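In: quick one, what's the 3D model for this:
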Amino acid sequence: MKKSLALLAVLGLFSQSSIAATTTLSSTPADWTAAGQSGFRALSEEFGAALSYKPVTPAAPLGITGFDIGLEASSTEMSADAKTAWQHLIPGTSVPTLVIPKLYVAKGLPFDIDVAAFYSAVPTTSITLSGAAISYAIIGGGMALPAVTIRGAMTRLGGIEELSFSTKSLDISISKGFLGFTPYAGVGEVWVTSSTSNATAQAAGITSESFNQPKVYVGLNINLGLPNFAIEGDTTGGISTYSAKLGLRW
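Out: Reported below is the predicted structural model:
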């Protein structure tokens, strides 16, 4: 509950992140040697959990006239290994929690297909994150049946010089609404690609990382006619992320 309230504060204020403005990878050999391949992997895994696509929406399709528009934020507490690697690779920064605010929009299409996209510019940094998804409701849902949806998505990180990072994901979710309250849950897989063109990193023997992470999530959507609020808890690769979205859905 405390984490959800903190996320709501971020949605309302887009408050400053704990990340400093510097978003350039270190050019000091000792930093890359200290972090090593294991540190780069730990940081990539943390990014995979934090920056991969978060649905924050029930499985039911929007319908051909439907829209879902809102401000969203996700919060991921970084592991000790990832914090240490960050401090070496982006010196002078401290990141106990990675908070990502987002502008989100989804549109319903014919045949129970929805498309969605988001964009984020992390406060006080040059870091950006963008993503898109397409989903298809295998079961549209109704009075007696739950909705079941499959979704493919991708995200891409920008703004950290000499770092290339992207994710692709596939998941299936289920939801059932009750008087404006719609709990939902899903499982899936995230594929992460992370590499750096930093000359110092390459001299230290740091190579690109490519791996997959299992994903499980649960959430609750509350619709009050037009205003809409959703919260979601996600575990990707054993790393937890909490998200909240406030906006309009019809």
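
In: after the lengthiest helix in the chain comes which helix or strand?
Out: The single longest helix within the chain, with elements called by DSSP state H, is helix 29-51. Moving toward the C-terminus from helix 29-51, the next helix or strand (DSSP states H and E) is strand 67-77.

In: before we move on, the earlier item: and the angle for the longest helix of the chain with strand 67-77?
Out: For helix 29-51 against strand 67-77, the angle by axes from the mean of the first three to the mean of the last three CA atoms, to 10 degrees is 140 degrees.

In: can you give me the buried ones in helix 29-51?
Out: Neighbour-count burial for helix 29-51, with 16 or more other CB atoms under 10 Å as criterion, is recorded at 31-32, 34-35, 39-51. The C-beta positions use only the backbone N, C-alpha and C, and glycine is treated the same way.

In: and what of stretch 49-63?
Out: Buried residues in stretch 49-63, counted by 16+ other CB under 10 Å: 49-62.

In: quick one: that stretch to chain centroid distance?
Out: Offset of stretch 49-63 from its chain centre (CA atoms, centre = their mean, to the nearest Å): 10 Å.

In: list the contacts of stretch 225-232.
Out: 4, 7, 54-58, 68, 70, 217-222, 242-250 (CB atoms under 8 Å, 6 or more residues apart in numbering).

In: just confirm Trp86 is within a strand.
Out: No. Judged by DSSP: H, G, I helix; E, B strand; the rest coil, Trp86 forms no part of a strand; its state is helix.

In: okay, now it: neighbour count?
Out: 22 (other CB atoms under 10 Å).

In: stretch 57-69 - what's its average pLDDT?
Out: For stretch 57-69, the mean pLDDT works out to 97.

In: go on, stretch 174-192?
Out: Averaged across stretch 174-192, the pLDDT comes to 97.

In: chain center to that stretch: distance?
Out: Mean-position distance between stretch 174-192 and its chain equals 15 Å (CA atoms, centre = their mean).

In: hey, where'd the helices end up in the protein?
Out: For the chain, the helices defined by DSSP H occupy 2-13, 29-51, 80-89, 199-203.

In: any regions of the protein where pLDDT drops low?
Out: The chain contains residues with pLDDT under 70 at 1-22, 92-95, 123-124.

In: name the nearest residue to Pro110, sequence neighbours excluded.
Out: Ile64 (5.4 Å; CB to CB, 6 or more residues apart in numbering).

In: from Val218, how far off is the one you found?
Out: According to CB to CB, to the nearest Å, Ile64 stands 28 Å off from Val218.

In: again, but for Val187
Out: With distances taken as CB to CB, Val187 is found 10 Å from Val218.

In: likewise Thr200?
Out: 42 Å.

In: rewinding a little: check the offset of the longest helix of the chain from the chain's centre.
Out: 18 Å.

In: hang on, Thr149 packs against Ile134?
Out: No. In this structure Thr149 lies outside contact range of Ile134 using CB atoms under 8 Å: 10.6 Å.

In: those two: who's more crowded?
Out: Between Thr149 and Ile134, counted using other CB under 10 Å, Thr149 has the larger neighbour count: 27 against 15.

In: distance of Ile91 from Phe67?
Out: No, residue 91 isn't Ile; it's Pro. In this view, Pro91 and Phe67 are 43 Å apart by CB to CB.

In: and if you look at Ala244?
Out: In terms of CB to CB, Ala244 sits 19 Å off from Phe67.

In: more neighbours: the two, which one.
Out: Comparing Ala244 with Phe67 by other CB under 10 Å, the one with more neighbours is Ala244, at 25 against 14.
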